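1. quick one, structure for this:
(chains A and B)
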Amino acid sequence: MNTTIMLFLLQDGITNGAIYALLGLALVLVFAVTRVILIPQGEFVTYGALSYAVLATGKVPGTAWLAMAMGLVALALDLFDARRSLRLKRVARAFALNIVLPAAILALAYGFASPKAPIAVNIALSLLIVAAIGLFLYRIAFQPIAHTSVLVLLIASVGCHLALQGLGLVFFGAEGLRGPALSNAALTIGPLRFTGQSLAVYGLTIGFIIALWLFFGFTLMGKALRATAVNRLGARLVGIRTTLSGQIAFLLASLIGAISGILIVPITTLYYDTGFLIGLKGFIAAIIGGLVSYPLTAVAALIVGSVEAFSSFYASNFKEVIVFTLILPVLVLRSLAAPAVEEEKD
Amino acid sequence: MHQRLPVIIFAAVMAAIPFIPGVPPFWIVLLNNIGLAALVAMGLVLLTGVGGLTSFGQAAFCGFGAYTTAVLTTAYGFSPWLTLPLALLVSGIAAVLLGIVTVRLSGHYLPLGTIAWGIGLFYLFSKLEFLGRNDGISGIPPLSIGSFRMLDPGSIYFAIWIGVLISALLTMNLLDSRTGRAIRALRRGHIAGEAFGVQTPRAKLLVFIYAAVLAGLSGWLYAHFQRAANPTPFGAQAGIEYLFIAVVGGAGYVWGAVLGAGIVVILKEVLQSYLPYVFGGQSQLETIVFGILLVVLLQLAPTGVWPWLMARLPLKPGRKIPDTSLPLAKRERTPASAAVLLQIEKARKQFGGVIAVNDVSFDVQAREIVALIGPNGAGKSTTFNLITGVLTTTGGTISVLGHKVDNAPPQEVVKLGVSRTFQHVKLVPDMTVLENVAIGAHLRGSSGAISSMFRLDRADEAKLLAEAARQIERVGLGDQIDQLAGSLSLGQQRIVEIARALCVDPLLLLLDEPAAGLRHMEKQRLAALLRQLRDGGMSVLLVEHDMGFVMDLADRIVVLDFGTKIAEGTPAAIKTNPDVIKAYLGATA
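-> Take a look at the predicted model:
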């Protein structure tokens, strides 16, 4: 084996792996707080990436309108829930969150839409749009069934994935898009060339891992989020607003998804349905990490990325087969190591 | 469960549909698709709804079935009928291999694991040369009987729906049996089932294989219906859709699978054909609407359409009272190598730094009622779990009739004649009292899954149910025999647990707080029952907080405090023991 090829593959694998790690982290986060296995995570990736790419061409992406529409539905649900005690403050808050926020994002998008808009503005806009969608997605699809079983939440999650992926086709068309690179800087070490893009990928991934670890380990809000995951009722009894926890989790997950998307769209062409597969590889990492451990998930994601890079070189036909069956030995080890624990379901 | 009439009517209607003049051929195609989906969903009903194991990978098993027949008929010239058993076998073997690694996974690992290997297999199908890669295999011969070749949708229709009906009947038979009860108990956790001898990993693997074989059957039919097989219908999307069908119809209900398949297939068809007119030819709109409808439906009816429908139909299941005169053979006695029934010597259990049971020693003789008392957290329930093999000891020995049982699995302990109840009731709430109690007699029956499916287990089954009914009668719950266990009061549920434990035909009965939640009269009746059991030759070890109840009933009392035995003796001696008084009242009273 040629060392240079190996180094290239490894670099490629680590860059991909870092993205999978970001997504894996988001999945762990959402699952730990809401028990939702977030299949639409992949759609956050494509929405973030393609919104960014569309904004870069000077147009307003359809996702901005989707956020507006979801805000309207969320407002309707909020008002319906609050129909017995329609106090002005509550209505005003619902209105501000569900109507004013997406409307402002939409207005900003139209205000800044121009092919010459700075990259930072486009990034901020696409993050805002996807964050709003993530927030409203929880409000509309998951908050009303937050108490049900993991299975029901999972199926609802699949429903969201189907709807969002279909909408993705409507907004972005079947053609793939690429976005402009974040920076053109590059660094050469030996035979390897590190682009500013891939350095940004590494930096953000490490940053997120540390931030999440600090947030969940050392802040009251983080601990409250974890408490919600273990026992919703218990969390409510000690005064944690479980709805808020769910919203925060979805907000973070959609942000992470959108950031990953923006990070990869300059490297590879993304299609409306690419996100699903990328998200699933994040899943593999998250499962290997046991859906609880952030550092373990990150390490697993790097392994997934490297295995993918190497198998695409040596057995490109069976790349996906290898990546997805990677999970089997892990599952075997897990099932041998951890004796089944009694869990009361339903 | 014996509602043959609706099934016969359904079968007759389905058989008549193709002969109604003017039925568009397209409807028949739709019905074929419904039947194919219903088969897979039926497996999922058993796996997910009943057994509590969620799988997204069922479409891959369809793939095994379809590709087996595709390869064998096109490349090797096998007769389609000959490939049927082979297709089922291949799906079954695949399920064994994948099942061994997946079914042991608990909770959310299982669904995620199935997504992963489901996708992996999809890519494998689309890359393998001999499966025709992405193009798949075409030119699969049609099914034929003699010179009658099932070429058009109208003729294979019968093959598909006969398959659906037979599978539905077999599945219902399986659920209504000894094995079925073990499967139905899976979803509520494994401790209760294992305490009565159910091999839970084996039961899980069984449903996993069963579901895979049904999916394999669907795949085999699909290959001969389409006369071609390509990877697309066996991918992740399809796997998700099958699970969706089961949940929409009502996971847990065999006919829910058929109903769900009908709803989903027709809905998709309607969306595909009408949405473009409404919205002017926008592509992929049906997926969007489909996804949104799915979310809305789950919010309105999270348990599915079938139970919602059944609750609105004036159908009441007929009362089925078992014939209590049928005798059930006694449990096989293990030869005793010691006179003492239960001997605990220096039993110890540590959880990390906490010593829950600290070198406790005591014994239970034959025909004796021993009470284990102590303040909360004294280690009483932990001691029970050590005896019954739910927990393994850190040190010391526990033996039953001279056979060492520390670290033996629960299924082995119960074989020695030790049966128990639980402090937190562990019944299956959506099974009747009779069915719950019959789980207790699990080891005294022998019929397996295959014989139950073909109703060869009826003699065995009738004896088990008769025994269960006798024990229910004995504990005084005869009037509640066909109510759902979940609808009983907590006190009554504890009594149901006693009846279930009695079904083991035990030598030693372990009762964890049996009198909690009972009224005064009920407690007296329970005490009388326990005395009668002792006089009949049984021993009882009970944990109880009601001192009046314990002092009246027990022959001997063992007192634990913070995991350590502080006293042992007759009720009269314990009442005046200063250590015991101190432990309970906290001061030198």
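
2. next, residue A:18: secondary structure please.
-> helix (DSSP: H, G, I helix; E, B strand; the rest coil).

3. the residue nearest to it when sequence neighbours are not counted: neighbouring residues, count only.
-> Counting by C-beta to C-beta, 6 or more residues apart in numbering or on different chains, residue A:18 lies nearest to residue A:205, which is 4.1 Å off, once chain neighbours are set aside. All C-beta atoms are positioned from the backbone trio N, CA, C, and that covers glycine. For residue A:205, the neighbour count with other C-beta atoms under 10 Å in any protein chain shown is 26.

4. so residue A:205 makes contact with residue A:21?
-> Yes. The criterion here is C-beta atoms under 8 Å, and residue A:205 meets it with residue A:21 at 5.3 Å.

5. which residues do the two both contact?
-> Residues touching both residue A:205 and residue A:21 (C-beta atoms under 8 Å, 6 or more residues apart in numbering or on different chains): residue A:298.

6. can you pull out the helices in the stretch 201-346 of chain A?
-> Assigned by DSSP state H, counting those that start in this stretch, the helices in the stretch 201-346 of chain A fall at A:220-230, A:232-237, A:242-264, A:274-288, A:294-314, A:319-325, A:327-337.

7. which among these is found nearest to residue B:223?
-> Nearest of the helices of the stretch 201-346 of chain A to residue B:223, taken as C-beta to C-beta: helix A:319-325 at 21.9 Å.

8. identify the residues contacting that closest one?
-> Contacts with helix A:319-325, where a contact means C-beta under 8 Å, 6+ apart, come from A:277, A:280-281, A:284, A:304, A:307-308, A:311-312, A:315, B:116-117, B:119-120, B:123-124, B:127.

9. show the buried residues in these.
-> A:277, A:280-281, A:284, A:304, A:307-308, A:311-312, B:116-117, B:119-120, B:123-124, B:127 (16 or more other C-beta atoms under 10 Å in any protein chain shown).

10. and of those residues, the nearest to residue A:37?
-> Among these, residue A:280 lies closest to residue A:37 (C-beta to C-beta), at 11.3 Å.

11. mean pLDDT for the helices of the stretch 201-346 of chain A - can I get that in TSV?
-> Formatted as TSV, the helices of the stretch 201-346 of chain A follow (pLDDT from 0 to 100):
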stretch	mean pLDDT
helix A:220-230	79
helix A:232-237	80
helix A:242-264	89
helix A:274-288	82
helix A:294-314	84
helix A:319-325	81
helix A:327-337	72
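
12. kindly provide the distance from the closest residue to residue B:234 other than its chain neighbours to chain A.
-> Closest residue in space to residue B:234, ignoring its immediate chain neighbours: residue B:63 at 3.3 Å, by C-beta to C-beta, 6+ apart. Separation of residue B:63 from chain A (C-beta to the nearest C-beta, to the nearest Å): 13 Å.

13. which SSE is residue B:63 in?
-> Element membership of residue B:63, judged by DSSP states H and E, is helix B:58-75.

14. excluding covalently adjacent residues, which one is nearest to the residue most central in space within chain A?
-> By C-alpha atoms, centre = their mean, chain A has its centre lying nearest to residue A:257, at 2.8 Å. Nearest residue to residue A:257 in three dimensions, chain neighbours excluded: residue A:44, at 2.7 Å (C-beta to C-beta, 6+ apart).

15. what packs against the host helix or strand of that neighbour?
-> According to DSSP H and E, residue A:44 maps onto helix A:41-56. Using 3 or more C-beta pairs under 8 Å, 6 or more residues apart in numbering or on different chains; DSSP states H and E, the elements in contact with helix A:41-56 are helix A:3-34, helix A:62-81, helix A:119-137, helix A:150-172, helix A:242-264, helix A:274-288.

16. okay, now the nearest residue in space to residue A:255 that is not next to it in sequence: neighbour count?
-> In space, and not counting its chain neighbours, residue A:255 is closest to residue A:131: 5.2 Å by C-beta to C-beta, 6+ apart. Residues lying near residue A:131 (other C-beta under 10 Å) number 23.

17. tell me the spacing between residue B:575 and chain A.
-> Distance, residue B:575 to chain A, using C-beta to the nearest C-beta: 37 Å.

18. how about that residue: what's its closest non-neighbour residue?
-> residue B:551 is the one closest to residue B:575 (C-beta to C-beta, 6+ apart), at 6.7 Å.

19. in chain B, which spans are strands?
-> Applying DSSP state E to chain B gives strands spanning B:137-138, B:144-145, B:148-149, B:228-229, B:342-351, B:354-364, B:369-373, B:395-400, B:403-404, B:418-420, B:508-512, B:539-543, B:556-561, B:564-569.

20. most tightly surrounded among those strands?
-> strand B:418-420 (a mean of 28; mean count of other C-beta atoms under 10 Å in any protein chain shown).

21. so what are the sheet partners of that one and their directions?
-> Neighbouring strands of strand B:418-420 in its sheet, by DSSP bridges, are strand B:508-512 (parallel).

22. between strand B:354-364 and the strand it pairs with, find me the angle.
-> 140 degrees (axes from the mean of the first three to the mean of the last three C-alpha atoms, to 10 degrees).

23. which bits of the stretch 1-150 of chain A sit near chain B?
-> A:31, A:35, A:37, A:140, A:141, A:144, A:145, A:148, A:150 (C-beta under 8 Å from any C-beta of the partner chain).

24. can I get those in a markdown table with neighbour count?
-> As requested, the residues of the stretch 1-150 of chain A next to chain B are exported to a markdown table (neighbours: other C-beta atoms under 10 Å in any protein chain shown):
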| residue | neighbour count |
| --- | --- |
| A:31 | 22 |
| A:35 | 22 |
| A:37 | 23 |
| A:140 | 20 |
| A:141 | 27 |
| A:144 | 17 |
| A:145 | 17 |
| A:148 | 18 |
| A:150 | 17 |
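
25. closest to residue B:203 out of those residues?
-> residue A:150 (21.0 Å).

26. was I right about residue B:533 contacting residue B:540?
-> Yes. Taking contacts as C-beta under 8 Å, residue B:533 lies within contact range of residue B:540: 6.6 Å.

27. so who does the residue in the stretch 451-589 of chain B positioned nearest to chain A touch?
-> Among the residues of the stretch 451-589 of chain B, residue B:486 lies closest to chain A, at 10.3 Å counting by C-beta to the nearest C-beta. Applying C-beta under 8 Å, 6+ apart to residue B:486 gives the contacts B:427, B:429, B:430.

28. name the nearest residue to residue B:180, ignoring sequence neighbours.
-> Going by C-beta to C-beta, 6+ apart, residue B:180 has residue B:174 as its nearest residue, at 5.2 Å.

29. returning to what we had before: quick one, what contacts the residue nearest to residue B:234?
-> Taking C-beta under 8 Å, 6+ apart as the test, what residue B:63 contacts is B:121, B:122, B:125, B:219, B:229, B:231, B:233, B:234.

30. and the first one, how many neighbours?
-> Read that as residue B:121. 26.

31. so what's it scoring on pLDDT?
-> We have a pLDDT of 90 for residue B:121.

32. how close does the residue lying closest to it once chain neighbours are set aside get to residue A:324?
-> If the residues on either side of it in the chain are set aside, residue B:121 comes closest to residue B:60, at 4.0 Å by C-beta to C-beta, 6+ apart. In this view, residue B:60 and residue A:324 are 11 Å apart by C-beta to C-beta, to the nearest Å.

33. more neighbours: these two, which one.
-> Taking neighbours as other C-beta under 10 Å, residue B:60 and residue A:324 compare with residue B:60 leading, 30 against 26.

34. what does the stretch 201-350 of chain B put close to chain A?
-> B:236, B:240, B:243-244, B:247, B:251, B:282-295, B:298-299, B:302.
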